[in-house]
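>>> only the shape, not the letters, is given here:
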């Protein structure tokens, strides 16, 4: 699996009720984590005013990287 880049915009692929997050919620990767050979990414979730409401580590396979397509004029 290709690594998720820092500052990549990602969506959750499954619900995480223990964190009050649901499938499809969008966040930003803010850190790469590696503990005892297990890799994860720290994802920050913010509201429309930029206030962080959750910051949680996820394995990359629980996330979908979102890409913005730029249309030619």
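Received the coordinates, thanks. What you see is a predicted model; the values in this text were computed from it and never measured.

>>> and stretch 10-22, end to end?
Stretch 10-22 has an end-to-end distance of 13 Å (C-alpha to C-alpha, to the nearest Å).

>>> can you give me the buried ones in it?
Residues of stretch 10-22 classed as buried: 10, 12, 21 (neighbour count, 16 or more other C-beta atoms under 10 Å). Backbone N, C-alpha and C define where each C-beta goes, glycine included.

>>> surely residue 7 meets residue 32?
No: the criterion here is C-beta atoms under 8 Å, and residue 7 misses it with residue 32 at 11.3 Å.

>>> on that earlier part again, redo the buried residues of stretch 10-22 as JSON lines? Include secondary structure.
Formatted as JSON lines, those follow (DSSP: H, G, I helix; E, B strand; the rest coil):
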{"residue": "10", "secondary structure": "strand"}
{"residue": "12", "secondary structure": "strand"}
{"residue": "21", "secondary structure": "strand"}
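
>>> and residue 18, what are its phi and psi?
Taking degrees, to the nearest 10, you get phi -70, psi -20 for the backbone angles of residue 18.

>>> what segments of this structure are helices?
Under the criterion DSSP state H, the chain contains no helices.

>>> which residue ranges of it form strands?
With DSSP state E applied, the chain shows strands at 9-12, 26-35, 38-46, 52-58, 63-65, listed in chain order.
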